[in-house]
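A.B. asks: Predicted structure and sequence below. I'll ask about it afterward.
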Amino acid sequence: MRGLNHDVDLMIFDADGTLRRTLIAGQPAPRAPGEWELLPNVRATLAQFDWAGTRFALASNQDQVGYGLYTAEMAGRLLRDLAAAATGGACETPVIRFCPHRLDVSCLCRKPAPGMLLDILRETNTNAVRALFVGDNETDRAAAESAGVRFRWAREFFDHA
Ligand SMILES: [Mg+2]
Ligand SMILES: [Zn+2]
């Protein structure tokens with residue numbers, strides 16, 4: 001979907017499998033700089049958008065933090081690095097949320113719960129109908145539906161093969 005953001009004030013993305021992939025076999029997400037790369041077409045697709053009028057946000061499940069595999073600080077740093085790389089630094093104020101909880105912890109933020117999306121809408125003062133969420137997992141689609149936010153599959157949005 002090109003030139004979409006004329007009617008979108010806020011574009012929210014999942015991270016792993018949507019914008020980035022890990023370079024470490026058997027590891028679902030990076031835990032350090034140098035362990036990830038952008039997925040194909042991400043940079044080129046996002047370069048077509050006018051970020052002056054649209055906010056960029058990330059909503060990512062990072063249960064690796066809850067299991068002590070890396071710190072919340074590193075998770076946040078890697079997601080900030082991802083936001084900068086994906087937009088070529090065009091978005092100066094990305095809004096970043098991640099769920100750091102273990103899978104056996106009941107929380108309001110882990111997708112498919114809508115908590116992170118609702119929090120991002122609140123922080124950016126955006127009406128849900130003016131937002132779009134792009135993800136690669138059924139939990140992403142369900143979170144968008146619960147939050148009342150439009151949803152697009154990453155493989156279509158970025159023309160992933
Ligand atoms: Mg994903
Ligand atoms: Zn959580």
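C.D. replies: Received it, and whenever you're ready, just let me know what you need. The shown structure was predicted, so the numbers you read here are calculated from the model rather than taken from an experiment. Ligands and ions are numbered 1, 2, ... in the order given.

A.B. asks: Could you use CA atoms for every contact and neighbour count after this?
C.D. replies: Noted.

A.B. asks: isn't residue 116 right next to residue 100, touching?
C.D. replies: No. The pair residue 116 and residue 100 fails to qualify as a contact (Cα atoms under 8 Å) at a distance of 11.5 Å.

A.B. asks: which bits of the chain sit near ligand 2?
C.D. replies: 99, 101, 107, 109, 110 (Cα under 5 Å from the ion).

A.B. asks: Partner strands of the longest strand anywhere in the chain and their direction?
C.D. replies: The strand that spans the most residues within the chain, counting by DSSP state E, is strand 55-61. Applying DSSP bridges, strand 55-61 is found paired with strand 10-13 (parallel), strand 95-99 (parallel).

A.B. asks: For that strand, which outside residues touch it?
C.D. replies: Residues from elsewhere that reach strand 55-61 (Cα atoms under 8 Å, 6 or more residues apart in numbering): 9-16, 79, 83, 91, 93-100, 110-111, 116-117, 120, 124.

A.B. asks: quick one: the residue of the chain positioned farthest from its centre and residue 13, what's the gap?
C.D. replies: Farthest-out residue of the chain from its mean C-alpha position, per Cα atoms, centre = their mean: residue 104, at 22.4 Å. Residue 104 sits 24 Å away from residue 13, taking Cα to Cα, to the nearest Å as the criterion.

A.B. asks: In this protein, where is pLDDT below threshold?
C.D. replies: Applying pLDDT under 70 to the chain flags residues 1-5, 161.
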